[in-house]
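Asks: take a look and give me a structure for this.
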Amino acid sequence: MNISKSYKTVILTGLFMPMTLFIFGVYNGVMQTIYRAGVIHQPAVAGINYYQGLTMHGVINALVLTTFFAVVFGHITLSHYLKKEPPKLTYQISIILMVAGTLMDFEAMVTGNAQALYTFYAPLRDSAVFYIGTALLIIGSWIAFFGWVKIWFEWRKENPGKKMPLAILGTFVNFSMWILGSVPVVYEILVILTPWSLGLTNTVNVPLTRMLFWMFGHPLVYFWLLPAYTAYYTILPKVAGGKLYSGNAGRLAFLLFLILSAPVGVHHQFSEPVFTPGTKLWVSILTYGVALPSFMTAFTVGASLEYAGRKRGAKGLFGWMVKLPYFQRDNYLFGYFICGLFLFIFGGVSGIVNASYALNQMIHNTAWVPGHFHLIIAGPTILMIFGMSLYIYSSVSGKVIKFKSLAVIIPYVWMIGVALLSHGLMAGGLMGEPRRTNLGLSYTNPDSPLFNQHWVSTTTLTMVGGMTMGVTAVLYFIVFFATALGKATQPQQIILPESEELHEEKPIPLLLNMKPWLIVSVVLVMFTYVPALMSVFKYSKPVKNQFQTESPSNIEK
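Replies: Now for the predicted structure:
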């Protein structure tokens, strides 16, 4: 499909800008591991303190980069399958709001006015600029989705009887879930935290703000993942040289994510006393349930890869694994997908641990937690963003990918780094190593009375993994920016590898209609959060406590 100049500009901006900011996210991530390993025994380096850097790392990597990419991937997916561009007004307003919001966030973080991490937990207070900027970033992504809905209805009217392509279903499920989860956090930001930050209100209900954040914070994890899932179902079988084993399985998996991903955020708050045991038990059950579509995906994608391997002449039970196109220069995308899948196996298993109330009490607020979610975001999420950003930028700009041989090996080295980093964090977490803490000032400083020699080996392993990831990221930046700054020498178009289904499966009406699944999703959210909200108002109240981020002292006292 050919592409208009304005649409091309929006897509390339949506890739180039967050990737540029990602440099700061990577740098501060590596610095976190160096602090924690006890190499640095001070609160700040180069004018950026530990919590300022941790905030930049989380916001840029987990929110800015992922949101921009999800929107760009949605633009590409809808345009490829429907052969239409979204309305110009929606995609231009969307990118303006997202860029403006991101720049506001970046300014607040760089100047030290936002240091309360990407969770922005009250009563730590960030700048109102940061809160408003975050809201603009999220709202901008909604507007892009509204444009896609418009062209979908136009296409459906022009193509009566045709079913929604699987990739579009994955995109629509992702953004329906995203809006359902992000409305509460936008309310928290604009109605509660911004007036409080500006001094227009004097109190804040801390458990309420945390509940509103985690109504968003857990769907955010699936917002990271579903573009990768969409690619695993609709692109990976093609680049592996095979076919998708079952389209209906993919549809069911996406729709299960729609109903199960939004109502489970309370499992991040198992340690908070305001929620009743009944609410916590219910959320624990739902969290186990959300593992089902992941298991389904593992089976379906695995079967698709096995088919590809056997087409290449594989013999025996596991022979197909060695026949896949791991290091082919002209098939570089495969490495990004397969390495992400491998890491996600361990990310999913460790996530089931977090769902257990009893086990959660052991690992809560330890290094286990970032070890787990780095397997998710640094695994399939970032590797998908790496691979597809190169692919999309090249096809839309008409520029040939530079250093393609380097691009082929990047995902494998990155996978090793993530494995080392996450193992170090999770092993340390099982020994009580805290998260969100500058250990170099205390627990990994031999001169401190708090020094704990048992955490030296785990934090060192984490640092080795982090530095490996940092070096790999630099290699990726060389490839990406060399490509982006090169000259256009080929057609500029929107095109995606498109997997065929192995079987022509019988259409199942329930899998072709999102409406009942949306209704069930809203019902489950209400069933979870109405009792949770009642508990919050019953067992908590607004307080005047307010903490500056650079000091633990309560301003009110």
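Asks: helices along the stretch 451-557 of the chain, start to end?
Replies: In order along the chain, the stretch 451-557 of the chain carries the following helices (DSSP state H, counting those that start in this stretch): 454-484, 515-539.
Asks: nearest to residue 59, out of these?
Replies: The closest approach between residue 59 and any of the helices of the stretch 451-557 of the chain, judged by C-beta to C-beta, belongs to helix 454-484 at 17.0 Å. C-betas here are computed from N, CA, C, even on glycine.
Asks: going by residue numbers, what spans are helices in the stretch 301-450 of the chain?
Replies: Using DSSP H, counting those that start in this stretch, the helices assigned to the stretch 301-450 of the chain run over residues 333-355, 357-363, 368-376, 382-397, 404-430.
Asks: and residue 236, what is it in contact with?
Replies: Applying C-beta atoms under 8 Å, 6 or more residues apart in numbering, one finds that residue 236 lies in contact with 301, 304, 305, 334, 337, 338, 499.
Asks: list the contacts for the fifth one?
Replies: In this case it means residue 337. With contacts defined as C-beta under 8 Å, 6+ apart, the neighbours of residue 337 are 228, 231, 232, 235, 236, 239, 383, 384, 387.
Asks: any idea how far residue 33 is from it?
Replies: Distance of residue 337 to residue 33, computed by C-beta to C-beta, to the nearest Å: 26 Å.
Asks: what does the fourth one give?
Replies: Using C-beta to C-beta, one obtains 29 Å as the distance from residue 334 to residue 33.
Asks: then the second one?
Replies: Distance, residue 304 to residue 33, by C-beta to C-beta: 36 Å.
Asks: equivalent analysis for the first one, please.
Replies: If you measure residue 301 against residue 33 using C-beta to C-beta, the figure is 31 Å.
Asks: got it, and the third one?
Replies: From residue 305 over to residue 33 the distance is 33 Å, taken as C-beta to C-beta.
Asks: which non-adjacent residue is nearest residue 340?
Replies: Distances taken as C-beta to C-beta, 6 or more residues apart in numbering place residue 380 nearest to residue 340, at 3.4 Å, with adjacent residues excluded.
Asks: list the buried residues in stretch 308-328.
Replies: 308, 309, 312, 314, 320, 323, 324, 325 (16 or more other C-beta atoms under 10 Å).
Asks: where does pLDDT dip in the chain?
Replies: Regions of the chain meeting the criterion pLDDT under 70 cover residues 545-546, 548-557.
Asks: just want the most central residue of it.
Replies: Nearest residue to the geometric centre of the chain (C-alpha atoms, centre = their mean): residue 224, 2.7 Å.
Asks: that one touches residue 375, doesn't it?
Replies: No - in this structure, residue 224 sits apart from residue 375 without contact. The criterion is C-beta atoms under 8 Å, and the distance is 11.7 Å.
Asks: residue 354 and residue 345, how far apart?
Replies: In this structure, residue 354 and residue 345 are separated by 16 Å, where distance is defined by C-beta to C-beta.
Asks: over to residue 54?
Replies: As judged by C-beta to C-beta, residue 54 and residue 345 stand 27 Å apart.
Asks: just residue 484 next, same as before
Replies: Computed with C-beta to C-beta, the distance linking residue 484 and residue 345 is 33 Å.
Asks: ok, residue 398 - contacts?
Replies: With contacts taken as C-beta under 8 Å, 6+ apart, residue 398 has the following neighbours: 488, 489, 490, 491, 492, 493.
Asks: compare residue 54 and residue 345 (neighbour count), which wins?
Replies: Each of residue 54 and residue 345 had its neighbours counted (other C-beta atoms under 10 Å), and the higher figure belongs to residue 54 (24 against 14).
Asks: now name the helix or strand holding the more buried one.
Replies: With elements taken from DSSP states H and E, the one containing residue 54 is helix 50-58.
Asks: and the helix or strand following that helix, what does it pack onto?
Replies: The helix or strand immediately downstream of helix 50-58 is helix 65-82, counting by DSSP H and E. In terms of contacts (3 or more C-beta pairs under 8 Å, 6 or more residues apart in numbering; DSSP states H and E), helix 65-82 is packed against helix 5-36, helix 88-110, helix 128-158, helix 166-187, helix 206-234, helix 382-397.
Asks: list the buried ones in the first one?
Replies: It refers to helix 5-36. Of the residues in helix 5-36, those buried by neighbour count under the rule 16+ other C-beta under 10 Å are 7-8, 10-12, 14-19, 21-22, 24-36.
Asks: which residues touch the nearest residue to residue 450 once chain neighbours are set aside?
Replies: Nearest residue to residue 450, sequence neighbours excluded (C-beta to C-beta, 6+ apart): residue 442, at 4.3 Å. Taking C-beta under 8 Å, 6+ apart as the contact definition, residue 442 lies against 448, 450, 451.
Asks: neighbours around the last one, how many?
Replies: Think residue 451. Burial measure for residue 451: 15 neighbouring residues, criterion other C-beta under 10 Å.
Asks: and residue 208, by the same measure?
Replies: Neighbouring residues of residue 208 were enumerated by other C-beta under 10 Å; the total is 20.
Asks: likewise for residue 245?
Replies: Neighbouring residues of residue 245 were enumerated by other C-beta under 10 Å; the total is 21.
Asks: need phi/psi at it.
Replies: phi -60, psi -40 (degrees, to the nearest 10).
Asks: wait, it sits on residue 297?
Replies: No - counting by C-beta under 8 Å, residue 245 sits too far from residue 297 to count as a contact (10.9 Å).
Asks: any shared contact partners between those two?
Replies: With contacts taken as C-beta under 8 Å, 6+ apart, not a single residue reaches both residue 245 and residue 297.
Asks: that older thread, turn the contacts of residue 442 into TSV, columns for distance to residue 466.
Replies: Output for the contacts of residue 442, formatted as TSV (distance: C-beta to C-beta, whole Å):
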residue	distance to residue 466
448	22
450	23
451	21
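Asks: and residue 213, what is it in contact with?
Replies: Contact criterion C-beta under 8 Å, 6+ apart gives 119, 120, 121, 184, 185, 188 as the residues in contact with residue 213.
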